[in-house]
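Visitor: Sharing a model prediction with you, sequence too.
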Amino acid sequence: MTTTDQSPARPDDRGQPVVASTPGIVRRWHSLTLRSQSRLVLVLVLVLVALVWEIASRTGLLNAQFVSRPTAIVASIPELLASETVRAAVIATVAGVLVAAVYGTVIGIVLGYVMGFFAIIRAAFFGPALFLLSVPKSIFIPIFLVFFGLNRETAIFYGAFSGFIYVIVNVVAGFDLIREQDLRIAKAFGAKIHHRILDIVFPATLPGVFAGIWYGVKGGLQGILIFEFFVSVGGLGALITQYSNELRTDRVFALTLGMAIFAIALGAIWTAIERRLAKWRPQN
Amino acid sequence: MSLIAKNLSVTYGTGSGRELVALDDINFEIARGEFVTIIGPSGCGKSTLLHCLGGMLKPSSGVVTLDEEPIRGPDARRAAFVFQDYTLLPWRQVLQNAVLGLRFDGVPKAKANAKGEEMLALVGLSDFREAYPRELSGGMQQRVAIARAMCMEPGILLMDEPFGALDEQTRRQLGFEMARMLSERDSTVVMVTHSLDEAIMWADRILVMSARPGRIAKEIRVTAPRPRTHDYIATEEFAALRSELFTLLDQDNVSDLAESVDR
Ligand SMILES: Nc1ncnc2c1ncn2[C@@H]1O[C@H](COP(=O)(O)OP(=O)(O)OP(=O)(O)O)[C@@H](O)[C@H]1O
Ligand SMILES: [Mg+2]
């Protein structure tokens, strides 16, 4: 065996290790962290998919009318940004999501804590809450329409409803994170009831609340969009439906991409906030 | 002042519906300033006894009194705990953990922090005041728990294997520091330990417990004046006490084993 790969690297005249047989790109790849490697793989795959998509659509392998093509989607972005209709729809939907998220999380957190503090209320309502969690929320859309009518407020209520169930369940689950030994310390050192709540219950349940808020926001986003898809109350969902009916597939993709970026941005902001507030937790 | 346990018994209901007699008819009296160590096989009820003394556990029968007053609940000024699992609140920094009891007691922040700093210095953790518990080793966390109890300047200090997670060296050093300070303040201490040396070294009196049902098998008085120095370990008295304890606990272990084989 005389290949240089097998022999250990040894310093050459300038004191540099001899690894000349390894190509530069491979060396660069190995110097990356696993995280950057996985990102690179993801980007490569996405580029590849876009390339295949573009070629298939241009050569007529796929019907360009239905599937559009990456270049057309990118090209449609400027006109969408300039359109007054699109801007109004985006504002309506984003505002709706934020309002629904606030309603959903506030109500969910309050009810979650009530359930957590009072065992009897938890016993009575946690089962039904779990049941609601497991059924598709969209089956309740007709009920919301009957109660609140065909307007944007109903979309917001429905969005809040979609989120708040997740919030409740997560906050209640947060109560299971309270350690008995922490309560014992509180008792031994004379904690009053407000100390127990502020020093033990709130910090211990915080991870549950954080998870809850995140699911509340996600539920709100999903709820509003689904409502807008199914019921004509305006907003981005309605606009996407409309473009889809008009076979403006490029615009459908562009708007969907925009919503996805919005959701990802919300998630990133949220993670940053959570990390700041839960410094004490071991980072996995 | 005297802390008295009278006909103290604790029975736990177990999951399987059976009852477990953890403590059976315990009687003793501890005088002010006395340092009492409790030693006995694992599971004999040492922690249970300590919890009763501090009002954390209501005995099934019998009573604990302090100056004739029955103890009905915990009060860290009267008796402060260092628990066996030394739990710190993970979301509080070291100093905040140390002053927890003072905060609960309504002591102004500046005053509480000053006291906390003093006690952290005593246990050698001044540099870690802003660390979170997850950044500390087990032994360091245990020392914070000791500081937390000492902050209360308690009439009685109830310690459940306070040096359990420490290495021999730190254990001895911290032990000497604390023993000196506790004798200076005339503090009353009840300390559970697994170490024969520790049980003898610091104690005015050793309570030796036997297992199932937990009873006081023997009380041993250590007459040498406190605080003691390293030299005490080399004395004949120490050696004699050590061998006596060893024999007592050994017998106990044997009967313990025999019992578990019977079942
Ligand atoms: N909450 C409880 N419920 C039921 N049984 C318990 C409970 N706490 C302790 N016991 C039982 O009581 C007995 C004494 O327990 P205890 O913790 O007081 O022992 P210990 O002497 O402190 O043991 P160790 O040296 O291992 O800490 C054990 O048999 C234990 O199983
Ligand atoms: Mg114990």
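Guide: That came through fine. Ligands and ions are numbered 1, 2, ... in the order given.
Visitor: The closest residue to B:G13 other than its chain neighbours: what's it in contact with?
Guide: Distances taken as Cβ to Cβ, 6 or more residues apart in numbering or on different chains put B:E19 closest to B:G13, at 5.9 Å, once the chain neighbours are dropped. The C-beta positions use only the backbone N, C-alpha and C, and glycine is treated the same way. B:E19 is in contact with B:11-13, counting by Cβ atoms under 8 Å, 6 or more residues apart in numbering or on different chains.
Visitor: Lowest-confidence entry in the residues you listed?
Guide: On pLDDT alone, B:G13 ranks lowest of the contacts of B:E19, at 84.
Visitor: which one of the contacts of B:E19 is nearest chain A?
Guide: Nearest to chain A among those, counting by Cβ to the nearest Cβ, is B:Y12 at 15.4 Å.
Visitor: Just the C-alphas of the helix or strand harbouring that closest one, formatted as PDB.
Guide: Here B:Y12 sits within strand B:2-13, counting by DSSP states H and E. Presented in PDB, the C-alpha positions along strand B:2-13 are these (Å, rounded to 0.1, in the frame of the first residue of the first chain):
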ATOM      1  CA  SER B   2     -34.900  21.700  73.800                       C
ATOM      2  CA  LEU B   3     -36.200  19.800  70.900                       C
ATOM      3  CA  ILE B   4     -38.100  16.700  72.100                       C
ATOM      4  CA  ALA B   5     -39.500  13.800  70.100                       C
ATOM      5  CA  LYS B   6     -42.000  11.800  72.000                       C
ATOM      6  CA  ASN B   7     -43.400   8.400  71.000                       C
ATOM      7  CA  LEU B   8     -42.900   9.400  67.400                       C
ATOM      8  CA  SER B   9     -44.200   7.000  64.800                       C
ATOM      9  CA  VAL B  10     -44.700   7.300  61.000                       C
ATOM     10  CA  THR B  11     -46.500   4.800  58.900                       C
ATOM     11  CA  TYR B  12     -46.600   5.300  55.100                       C
ATOM     12  CA  GLY B  13     -49.400   3.800  53.100                       C
END
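Visitor: Could you list the buried residues of the host helix or strand of A:W214?
Guide: Per DSSP H and E, A:W214 falls inside helix A:202-230. Neighbour counts using 16 or more other Cβ atoms under 10 Å in any protein chain shown place A:203-230 of helix A:202-230 among the buried residues.
Visitor: and if you look at stretch A:86-94?
Guide: Residues A:86, A:89-90, A:92-94 are the ones in stretch A:86-94 that count as buried (16+ other Cβ under 10 Å).
Visitor: Which one of those is nearest to ligand 1?
Guide: Ligand 1 has its nearest neighbour among those in A:V94, at 53.1 Å by Cβ to the nearest ligand atom.
Visitor: Which pLDDT value goes with the closest one?
Guide: Reported pLDDT at A:V94 in the predicted model: 91.
Visitor: can you pull out the helices in chain A?
Guide: With DSSP state H, the ranges of helices along chain A come out as A:24-31, A:34-58, A:64-67, A:70-82, A:84-117, A:119-134, A:141-148, A:152-175, A:180-188, A:193-195, A:202-230, A:235-245, A:249-277.
Visitor: quick one: contacts of the shortest one?
Guide: Surrounding helix A:193-195, the residues in contact under the criterion Cβ under 8 Å, 6+ apart are A:186, B:103-104.
Visitor: Lovely, talk soon.
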